[in-house]
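# Provided below are the primary sequence and the corresponding predicted coordinates.
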Amino acid sequence: MDKGDVFSIIAALIVVVAIAGVFRPPGADAVPEIPGVPESPIPEITPMPTVTAPPALPEPARISYTTGIWSYPLVRLPDNLTLYGGSDPSWKETAGIIPFAYLEEGRGGITETFHVPPVVWRLNCTVSSTVRPEAAHFRMALVELESGTIVEGADLHYPGNIIKNVERGGKDFYLIVSVDEVDSYRITLETLPQYL
């Protein structure tokens with residue numbers, strides 16, 4: 001075979017490949033359809049929903065006593081705190097109660113000021129006395145800082161629990177507490193999720 005024939009064969013092959021590429025029927029690369037078997041669509045992949053954990057609630061803030069009380073509008077408890085009545089009704093919903101601040105002490109005093117954002121909240125007071133429970137006396141007043149008004153008060157004889165519901169928020173408050181023969185007490189500020 002001579003050199004010209006080889007070139008002619010190579011040129012013919014290039015022309016055949018070029019023509020086949022130009023005149024290729026559409027879908028030539030597709031999988032052939034089998035008669036009688038329905039074509040199954042390619043399933044769409046749906047992304048998995050993102051699962052997020054509920055945000056962790058912050059630990060309740062501790063309220064402490066202060067010594068700088070001279071700028072406070074009211075620094076003494078009134079003689080008659082029984083005007084504020086006994087314990088208020090407890091909330092029916094107990095599973096979602098959120099404590100957001102607390103005061104835990106064994107002595108009386110006046111607290112630092114604290115801000116309460118929720119409009120509806122409560123003071124949950126628990127008093128314990130083991131040495132002389134018959135003489136235990138707990139007195140407390142919640143005071144609005146701006147006006148010096150007592151918003152709620154409690155007068156509890158003997159150990160026990162008292163709840164005071166408050167419907168005033170978005171303000172600064174402080175507590176005045178007096179105790180006699182009390183080992184310890186805890187005042188927890190609580191609210192419900194819908195008021196946060």
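Perfect, I can see it now.

# Off-centre distance for stretch 178-196?
Relative to the centre of its chain, stretch 178-196 is centred 19 Å away, using C-alpha atoms, centre = their mean, to the nearest Å.

# Would you map the strands across this protein?
61-62, 98-105, 109-110, 114-116, 121-128, 137-144, 150-157, 160-166, 171-180, 184-191 (DSSP state E).

# What about residue 157, how many residues nearby?
For residue 157, the number of neighbouring residues by other C-beta atoms under 10 Å comes to 14. All C-beta spots, glycine's among them, are computed from the backbone N, C-alpha and C.

# need the contact list for it.
136, 137 (C-beta atoms under 8 Å, 6 or more residues apart in numbering).

# With residue 148 instead?
Residues in contact with residue 148 (C-beta under 8 Å, 6+ apart) are 72, 73, 74.

# can you tell me how far residue 80 sits from residue 153?
9 Å (C-beta to C-beta, to the nearest Å).

# State the number of residues packed around residue 131.
9.

# In this protein, where is pLDDT below threshold?
Within the chain, the segments meeting pLDDT under 70 span 1-8, 11-13, 15-43, 45-56.

# Spatially central residue in it, please.
Closest to where the C-alpha atoms of the chain average out (C-alpha atoms, centre = their mean) is residue 57, at 4.1 Å.

# Have a look at residue 80 and residue 153 and say which one is more surrounded.
residue 153 (20 against 9).

# thinking again about what came up before, could you identify which of the contacts of residue 148 has the most neighbours?
Result: residue 74 is most packed of the contacts of residue 148 (other C-beta under 10 Å), 18 neighbours.

# For that one, which non-adjacent residue is closest in space?
Closest residue in space to residue 74, ignoring its immediate chain neighbours: residue 148 at 4.5 Å, by C-beta to C-beta, 6 or more residues apart in numbering.

# And the one you found, its phi and psi?
Main-chain dihedrals, residue 148, degrees, to the nearest 10: phi 80, psi 20.

# separation between it and residue 71?
In terms of C-beta to C-beta, residue 148 sits 11 Å off from residue 71.

# what's near enough to touch the closest residue to residue 139 other than its chain neighbours?
Leaving aside its sequence neighbours, residue 139 sits nearest to residue 178 (C-beta to C-beta, 6+ apart; 4.4 Å). The neighbours of residue 178, taking C-beta under 8 Å, 6+ apart as the test, are 77, 108, 137, 138, 139, 140.

# Can you say which of the residues you listed are buried?
Among those, those that count as buried by neighbour count (16 or more other C-beta atoms under 10 Å) are 77, 108, 138, 139, 140.

# tell me which of those is nearest to residue 66?
residue 108 (12.9 Å; C-beta to C-beta).

# about what we covered before: dump the contacts of residue 178 into JSON lines; add distance to residue 129 as well.
Formatted as JSON lines, these follow (distance: C-beta to C-beta, whole Å):
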{"residue": "77", "distance to residue 129": "19"}
{"residue": "108", "distance to residue 129": "14"}
{"residue": "137", "distance to residue 129": "9"}
{"residue": "138", "distance to residue 129": "9"}
{"residue": "139", "distance to residue 129": "14"}
{"residue": "140", "distance to residue 129": "15"}
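
# Nothing else from me, thank you.
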